[in-house]
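**Student:** Take a look and give me a structure for this.
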Amino acid sequence: MGYVTPDEVRHYIEDRNAEDNDFDNDLSFSNEEIQVAMRRAARAYNSILPLGVDVVTPDKMPDVTEMFFDGVIWKLYSARLARLGRNDFDFNAGDVDVSPETKRIAFFGREAKAAEERFKEAAQDVKGTINISSGYGPVG
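**Tutor:** Have a look, this model is predicted:
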């Protein structure tokens with residue numbers, strides 16, 4: 001078993017190099033942003049009931065399922081969405097009203113919500129199964 005790493009997160013979201021990001025012309029997310037998202041995903045997992053069951057740290061999130069990748073993506077995209085929303089404004093270019101961030105906001109919002117739902121559902125199932133197993137023996 002391995003653990004989620006920033007490099008694997010980059011591969012998961014296709015943010016490996018400048019060629020993956022025509023709009024940004026570089027990496028879309030810094031290593032620091034990914035590491036912060038990993039910390040937030042670990043904290044989100046540890047906050048799901050039952051508390052104290054299967055506690056993880058940012059550097060020890062198992063990569064055997066997509067669950068923690070979804071958690072990291074949820075936190076990464078939510079942070080980007082917050083920044084885009086703060087900086088979104090309409091302006092007039094000639095006779096055309098332009099809102100340059102609207103499509104990006106829609107994308108990150110949609111993807112963050114989907115990743116959050118997948119993460120929370122999987123985390124609740126995993127933690128519930130571990131909790132039941134510890135009380136009654138193996139389940140399934």
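
**Student:** Can you classify residue 55 by secondary structure?
**Tutor:** Under DSSP: H, G, I helix; E, B strand; the rest coil, the three-state class of residue 55 is coil.

**Student:** Pop out the phi and psi values for it.
**Tutor:** Main-chain dihedrals, residue 55, degrees, to the nearest 10: phi -70, psi 130.

**Student:** how far away is residue 71 from residue 120?
**Tutor:** Distance of residue 71 to residue 120, given as C-beta to C-beta, to the nearest Å: 9 Å. All C-beta atoms are positioned from the backbone trio N, CA, C, and that covers glycine.

**Student:** Show me which of these two is the more surrounded one.
**Tutor:** Set residue 71 next to residue 120 and count neighbours by other C-beta atoms under 10 Å: residue 71 wins out with 28 against 17.

**Student:** Tell me which residues are up against whatever helix or strand that one lives in.
**Tutor:** Taking DSSP states H and E as the definition, residue 71 sits inside helix 67-87. The contact list for helix 67-87, computed with C-beta atoms under 8 Å, 6 or more residues apart in numbering, reads 4, 8-9, 12-13, 28-29, 33-34, 36-38, 40-42, 44-45, 56, 61-63, 101, 104-105, 108-109, 111-112, 115-116, 118-119, 122-123, 126.

**Student:** Show me what the lengthiest helix in the chain is packed up against.
**Tutor:** Longest helix in the chain by number of residues (criterion: DSSP state H): helix 102-136. Counting contacts by 3 or more C-beta pairs under 8 Å, 6 or more residues apart in numbering; DSSP states H and E, helix 102-136 packs against helix 31-47, helix 67-87.

**Student:** Tell me where the model's unsure across the protein.
**Tutor:** Applying pLDDT under 70 to the chain flags residues 17-27, 87-100, 136-140.

**Student:** on that earlier part again, what angle do the helix holding residue 71 and helix 102-136 make?
**Tutor:** Using axes from the mean of the first three to the mean of the last three C-alpha atoms, to 10 degrees, the inter-axis angle of helix 67-87 relative to helix 102-136 is 150 degrees.

**Student:** give me every residue that touches residue 61.
**Tutor:** Going by C-beta under 8 Å, 6+ apart, residue 61 touches 3-4, 38, 41-42, 45, 68, 71-72.
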